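Trainee: Any chance you could fold what I've pasted below:
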Amino acid sequence: MIAVACVRSGTKYSVEYVERLRSMVARYLPQEHRFICLTDQPDQIAGVEMIDCLHLGWHGWWLKMGLFDPDLRGPDRCLYFDLDTVIIDDLTPLAEWGGEFGICRNFTKLAGHPTWPCNYGSCVMSLAPGFGRDIYRRFSADPHGWVRRCPHGDQEAVEKLYPRAEYLQDHVPAGYFVGRRDFNSHRPKAAAVMIFAGRHKPHNTPHRWLRKAWQ
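Mentor: Next comes the predicted model:
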């Protein structure tokens, strides 16, 4: 069993985003899985285990830090996707990766910004069963301090707390991930996971094929 996770904090992303991500995962992950959502919102969604994280007091992308508590997310390997991810092909390569902790190389840095201060991109992560307890303990001991010291968000904090993660791009076929700077009017042949950032999201992307794939 594998847990596929997302995080919904506040109302920036509607319930529809959780439902559509759940649907895409069901379509492209043949492996038996449970779909979970860490949230500070009261909504209940069919087919999704809603994990109440309101007590943490962490908002926005910082709620992702709750993923590192094995007691919160459960005992299974956990594969995480940002809510604005669009999945267009088989997730088996990610689901079958068996390392301790995998995270994406930062897509801003990959796009020709070598001085960008973060090497990590927390849009997709894979956590082994039981992994992350020390990360969670250290962050939760001083969350306001970590937020203050990490202006580039949760991924910067994760990199400082655990600098030896493996990069998921090294364990999937070339072209498997596509960052938003490389989106175009045609579906890339090798792509499986489309990574959004910035003002364009799946519901308003100018690329019609990508809007259609988001279902």
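Trainee: show me the contacts for the residue nearest the centre of the chain.
Mentor: Nearest to the mean C-alpha position of the chain, counting by Cα atoms, centre = their mean, stands Phe81 at 2.8 Å. Phe81 is in contact with 4-6, 21, 25, 87, 123-124, 193, counting by Cβ atoms under 8 Å, 6 or more residues apart in numbering. (C-beta placed from N, C-alpha, C; glycine too.)
Trainee: between these, which is nearest His203?
Mentor: Nearest to His203, judged by Cβ to Cβ, of the contacts of Phe81 is Leu21 at 12.6 Å.
Trainee: pLDDT below threshold where in the chain?
Mentor: The chain contains residues with pLDDT under 70 at 112.
Trainee: So which bits of the lengthiest helix in it are buried?
Mentor: Identified as the longest helix of the chain according to DSSP state H is helix 15-28. Neighbour-count burial for helix 15-28, counted by 16 or more other Cβ atoms under 10 Å, picks out 17-18, 20-22, 24-25, 28.
Trainee: That helix: what's the following helix or strand?
Mentor: Per DSSP states H and E, helix 15-28 leads on to strand 33-39 as the next helix or strand towards the C-terminus.
Trainee: Mind giving me the packing neighbours of that following strand?
Mentor: Contact here means 3 or more Cβ pairs under 8 Å, 6 or more residues apart in numbering; DSSP states H and E; on that basis strand 33-39 packs against strand 2-8, helix 15-28, strand 49-52, helix 70-73.
Trainee: Not counting its own residues, what contacts that strand?
Mentor: Residues outside strand 33-39 that contact it (Cβ under 8 Å, 6+ apart): 1-9, 18, 22, 25-26, 45, 47-53, 63-64, 66-67, 72-74, 76, 95.
Trainee: List buried members of those by neighbour count.
Mentor: Using 16+ other Cβ under 10 Å, the buried members of the contacts of strand 33-39 are 2-9, 18, 22, 25, 45, 48, 50-51, 53, 63-64, 66-67, 72-74, 76, 95.
Trainee: Correct me if wrong: Met50 contacts Asp40.
Mentor: No: with contact defined as Cβ atoms under 8 Å, Met50 and Asp40 do not form a contacting pair (10.6 Å).
Trainee: Alpha carbons of stretch 177-185, in CSV - could you do that?
Mentor: In CSV, the C-alpha atoms belonging to stretch 177-185 read as follows (Å, rounded to 0.1, in the frame of the first residue of the first chain):
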residue,chain,number,x,y,z
PHE,A,177,8.7,16.0,-15.1
VAL,A,178,8.0,19.1,-17.0
GLY,A,179,8.2,22.5,-15.3
ARG,A,180,5.8,25.3,-16.2
ARG,A,181,8.5,27.3,-18.1
ASP,A,182,8.7,24.4,-20.6
PHE,A,183,4.9,24.1,-21.2
ASN,A,184,3.8,24.6,-24.8
SER,A,185,0.9,24.0,-27.1
